[in-house]
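A.B. asks: Structure of the sequence below:
(chains A and B)
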Number of protein chains: 2
Amino acid sequence: MKVFIVFAHPELKSFNGSFLKRTVEHLEKKGHEVRVSDLYREQFKSVVDEKDFLNFKEGDRLKVAFQSFLATTEGKLTEDVNKAQENMKWADLVIYQFPLWWYTMPAILKGWFERVFTCGFAYGVGVHDETHYGDRFGEGVMAGKKAILAITAGGYPSHYNARGINGPIDDLLFPITHNILFYPGFTVLPSHITYKTDKAGDKEFEESLNSFLNTLDNIDTVEPIPFRKQNFGDYEFPSMTLKEGLEQQNEAGFSIHIKK
Amino acid sequence: MKVFIVFAHPELKSFNGSFLKRTVEHLEKKGHEVRVSDLYREQFKSVVDEKDFLNFKEGDRLKVAFQSFLATTEGKLTEDVNKAQENMKWADLVIYQFPLWWYTMPAILKGWFERVFTCGFAYGVGVHDETHYGDRFGEGVMAGKKAILAITAGGYPSHYNARGINGPIDDLLFPITHNILFYPGFTVLPSHITYKTDKAGDKEFEESLNSFLNTLDNIDTVEPIPFRKQNFGDYEFPSMTLKEGLEQQNEAGFSIHIKK
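C.D. replies: Coordinates of the predicted model:
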């Protein structure tokens, strides 16, 4: 398969750096094609501004979504964004690898999504009216492709469990897995999480790595997160709310958007 | 009072830009002191790397939290970060104003938190052992200060309600309000949210602005989000999980960390 890895860590001599290196070696040894975008080494521009849209007219008012759509449809995006979009279209599987900083992805990766997931490419696709509000949440440019997060966290697992003070890890990641990846149609696999990375020794590293490589080796058998698709009967239009009675009794929050 | 506004939008000729200008004018007219950090105009560096730590030794392995702690305690942070921390310490109220991009804050603001909320300042404070895991979630450098988000969203309110496909807005913001702002001790006020900003005319702008200014004028009467403090009896140690029975029946997710 074709694997695109987007890597967001400032230090290659780190748990994350070693994890990336070994993952690439393993995949290539298994005969897969691998492309890596190492955002820190590439000094990937992480802030959206008018320079991202080569057809922006100086002095105009910058409306980001509107200008993003014009640049996407007129072929006026920048070279780094074009390349990232091509890698996304090329891949069968996209791995986003990063440390949890303040409980979510690093700014450099957030900026990557803001710049690469342009309007007309990842959002703003399809009819938007009273009966259909875009090809999104289960449909879109990434339909048929898989995505997975491979992340590290400083805290203990219990801090992230159903009663943990940080909030449940699945809820912390929902804005990424559901609202960014499922949005343009990715089939999203359960995230690979390593806790207490700062205190991880060789044993913990190998355990976490082997578990991840095992997932990759058996990727076709991994059950994705069963997010509900927007346009296949589960939601009311135009309110875009889940139809009454579909959730489990007393279920609330992000969880209702996942089929049980 | 002393108000520090952190503003993260690329365009001043926008809803957000006008909202900022009018908010500053109003506060100053009422006799408050106001400082603004306009991250885009300042070209605020939004990516954490070794250049943030003036005592980093070239060739060393960069461990971000460790190096952040050393730079904080040895006075070796960069000038822009020192200034931001001074503004935070100076303020009685901090307003974070930004558009929701991919359902959370823009990368430039996320990077601001990564660089300004350093170890030894906003986290990594207090004893960390089996019986006490830091002065955090309700205690810390921001204790006694208030914070509020003033945000704009492109979507309709129903998309963000309890059954909305985006997820409930309070849950989408919890990683910011609870995990970033409450963490170092801020008293966090309910967020001010303007929906359908792209379609807002003068009427909608004035309504939203006046509602926000009214909140600011009556800030001492606004009930904060009643997040549970970590070190005052609600959590088990060292698991950092909420004690059984404190939540409401069938309550789950982020919500259990808020007192009802």
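
A.B. asks: Do a quick rundown of the strands in chain A.
C.D. replies: A:2-7, A:33-38, A:93-99, A:146-152, A:187-188, A:192-194 (DSSP state E).

A.B. asks: With mean pLDDT as new columns, can those strands be given to me in a markdown table?
C.D. replies: Shown next, in a markdown table, are these (pLDDT from 0 to 100):
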| stretch | mean pLDDT |
| --- | --- |
| strand A:2-7 | 98 |
| strand A:33-38 | 98 |
| strand A:93-99 | 98 |
| strand A:146-152 | 98 |
| strand A:187-188 | 98 |
| strand A:192-194 | 98 |
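
A.B. asks: wait, which of the ones you listed is closest to chain B?
C.D. replies: Among those, the nearest to chain B by Cβ to the nearest Cβ is strand A:93-99 (7.9 Å). Every C-beta, even on glycine, is put in place using the N, C-alpha and C of the backbone.

A.B. asks: quick one, the closest one and strand A:33-38 angle?
C.D. replies: Per axes from the mean of the first three to the mean of the last three Cα atoms, to 10 degrees, the angle that strand A:93-99 makes with strand A:33-38 is 30 degrees.

A.B. asks: Can you list the buried residues in strand A:93-99?
C.D. replies: Of all the residues in strand A:93-99, those buried under the rule 16 or more other Cβ atoms under 10 Å in any protein chain shown are A:Leu93, A:Val94, A:Ile95, A:Tyr96, A:Gln97, A:Phe98, A:Pro99.

A.B. asks: Correct me if wrong: the last one contacts A:Leu109.
C.D. replies: No: with contact defined as Cβ atoms under 8 Å, A:Pro99 does not reach A:Leu109; the gap is 10.0 Å.

A.B. asks: With adjacent residues omitted, what lies nearest to A:Ala143?
C.D. replies: A:Gly185 (3.7 Å; Cβ to Cβ, 6 or more residues apart in numbering or on different chains).

A.B. asks: Local confidence estimate at the one you found?
C.D. replies: A:Gly185 carries a pLDDT value of 98.

A.B. asks: and it, what does it touch?
C.D. replies: A:Gly185 is in contact with A:Asp135, A:Arg136, A:Gly138, A:Glu139, A:Gly140, A:Val141, A:Met142, A:Ala143, A:Gly144, A:Lys145, counting by Cβ atoms under 8 Å, 6 or more residues apart in numbering or on different chains.

A.B. asks: Throw those residues into CSV and include distance to B:Phe212 and neighbour count, thanks.
C.D. replies: Shown next, in CSV, are the contacts of A:Gly185 (distance: Cβ to Cβ, whole Å; neighbours: other Cβ atoms under 10 Å in any protein chain shown):
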residue, distance to B:Phe212, neighbour count
A:Asp135, 35, 20
A:Arg136, 30, 22
A:Gly138, 35, 19
A:Glu139, 36, 19
A:Gly140, 35, 19
A:Val141, 37, 19
A:Met142, 37, 23
A:Ala143, 40, 12
A:Gly144, 44, 9
A:Lys145, 41, 20
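
A.B. asks: Nearest to A:Asp234 among the residues you listed?
C.D. replies: The nearest member of these to A:Asp234, counting by Cβ to Cβ, is A:Gly138 at 9.8 Å.

A.B. asks: that older thread, rebuild the strands of chain A as CSV, extending it with distance to A:Glu247.
C.D. replies: Below are those laid out as CSV (distance: least, Cβ to Cβ, whole Å):
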stretch, distance to A:Glu247
strand A:2-7, 33
strand A:33-38, 38
strand A:93-99, 28
strand A:146-152, 25
strand A:187-188, 20
strand A:192-194, 25
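
A.B. asks: could I get those as CSV with distance to chain B?
C.D. replies: Shown next, in CSV, are the strands of chain A (distance: least, Cβ to the nearest Cβ, whole Å):
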stretch, distance to chain B
strand A:2-7, 14
strand A:33-38, 13
strand A:93-99, 8
strand A:146-152, 11
strand A:187-188, 15
strand A:192-194, 16
